[in-house]
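*Asks:* Whatever this is, show me its structure:
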Amino acid sequence: MPKLETLEAIYRRPLFDLLADSRRVHADHWRDNEMQLCTLLSVKTGGCSEDCGYCAQSARYNTDVKAGKLMTTDEVLPIAKQAAASGATRFCMGAAWKGVRDGDAKFDQVLDTVREVSKLGMEVCVTLGQLGDAEAQKLREAGVTAYNHNIDTSPEHYASIVSTHTFQDRLNTIGAVQRAGMAVCCGGILGLGETETDRLRMLEVLCSFDPPPESVPINCLMPMAGTPLANTKPIDIFELVRLIATTRIVLPKAKIRLSAGRSLLSREAQALCFFAGANSIFYGEKLLTAPNPEADEDIALLRDLGLSPQAPYSDLPRPESLDPQPALA
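*Replies:* Have a look, this model is predicted:
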């Protein structure tokens, strides 16, 4: 496991040397010029009891996001089918709440939705806040292939952006996900007032996971009016590229997802991020409450770069519950 000193040495190399190394590592592990296309749907928007300083969905802040009800399976399915038809290979569902509990009616409703969405041939990812072993096991049995639970920033900086849960709470949920046999989707957010060293400490924690995270979303904060971080300055593109390249080198088998904030990047900046090692994007017009590049723009960009969509389950086990059943004699 690389320590902070090693990560610092990699990260602060001359940029072209860093990119040359990250590209070599990427080519060694991802040979087919593929890009994972993910679609993200907020199945429960707003009204969250947490106080994450970057999030417009918190009930504690005066934002334009209004609390909504949990979407039903019948409401989610047409959107999931459209995502599959548009080329998405992973369907991610997010709910703005503190966590889920076994036996709760809303959790049972989510499980029903997962079972139906998993029949569409896409990988299924959910982000539902905190959970324990019982909830994680039920999600896996329902067909969830990956659970998203970002650690956001370094352990040292975490308490300055949220007070309603701890960094250790995040790690506890990730542990439950791993024990249940789901893949871990875990990354962070750049632009929370952290230092570059904080970002590398976050990466150090990600590298300590056993097994390593299957995918690492790297988000750039999109400041939301009404939140404590509403006036944060944009992240420097070269800092973003450096972090992506460093992540690719130390987590060579992880998909690195260029996530929130991509709508603020030029085509050229996105291409540089892909060259550095990012090989997954959210695909669709909206990320929870933030805008995202239009799908046709993404397809055009991938085509111009000679990239193609990655097939589902190409590097992730298909849930046992979805395996073809043997024919009756």
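*Asks:* Low-confidence ranges, the stretch 151-300 of the chain, go.
*Replies:* For the stretch 151-300 of the chain, applying pLDDT under 70 flags the ranges 284-295.
*Asks:* Tell me where it has strands.
*Replies:* Ranges of strands within the stretch 151-300 of the chain are 183-185, 188-190, 215-220, 255-258, 280-282, 286-287, 290-291, based on DSSP state E, counting those that start in this stretch.
*Asks:* so what's the residue nearest the centre of the chain closest to, chain neighbours aside?
*Replies:* Of all residues in the chain, the one closest to the mean position by CA atoms, centre = their mean is residue 217, 4.1 Å from it. Of all residues not flanking residue 217 in the chain, residue 187 sits nearest, at 3.8 Å (CB to CB, 6 or more residues apart in numbering). No exception for glycine: its C-beta is placed from N, CA and C like everyone else's.
*Asks:* Correct me if wrong: that neighbour contacts residue 219.
*Replies:* Yes. Applying CB atoms under 8 Å, one finds residue 187 in contact with residue 219, separated by 6.9 Å.
*Asks:* who touches both of those two?
*Replies:* 150, 259 (CB atoms under 8 Å, 6 or more residues apart in numbering).
*Asks:* how far away is the nearest residue in space to residue 167 that is not next to it in sequence from residue 119?
*Replies:* If the residues on either side of it in the chain are set aside, residue 167 comes closest to residue 158, at 4.3 Å by CB to CB, 6+ apart. Distance of residue 158 to residue 119, computed by CB to CB, to the nearest Å: 38 Å.
*Asks:* out of these two, which sits in the more crowded spot?
*Replies:* Each of residue 158 and residue 119 has its neighbours counted (other CB atoms under 10 Å); residue 158 has more, 22 against 13.
*Asks:* quick one: contacts for the more buried one?
*Replies:* Shown in contact with residue 158 (CB under 8 Å, 6+ apart): 151-152, 166-167, 170.
*Asks:* Helix, strand, or coil at residue 46?
*Replies:* When classified by DSSP: H, G, I helix; E, B strand; the rest coil, residue 46 comes out as coil.
*Asks:* what's the pLDDT at the nearest residue to it once chain neighbours are set aside?
*Replies:* Spatial nearest neighbour of residue 46, excluding adjacent residues (CB to CB, 6+ apart): residue 67 at 4.0 Å. Here the pLDDT value assigned to residue 67 is 71.
*Asks:* got a list of what residue 67 touches?
*Replies:* With contact taken as CB under 8 Å, 6+ apart, residue 67 is in contact with 45-47, 59.
*Asks:* between the residues you listed, which has the most around it?
*Replies:* Using other CB under 10 Å as the neighbour test, the contacts of residue 67 are led by residue 45, with 21 neighbours.
*Asks:* isn't that one right up against residue 65?
*Replies:* Yes. Using CB under 8 Å, residue 45 is in contact with residue 65, at 6.6 Å.
*Asks:* count of neighbours near residue 223?
*Replies:* That count, for residue 223 with other CB under 10 Å as the rule, works out to 16.
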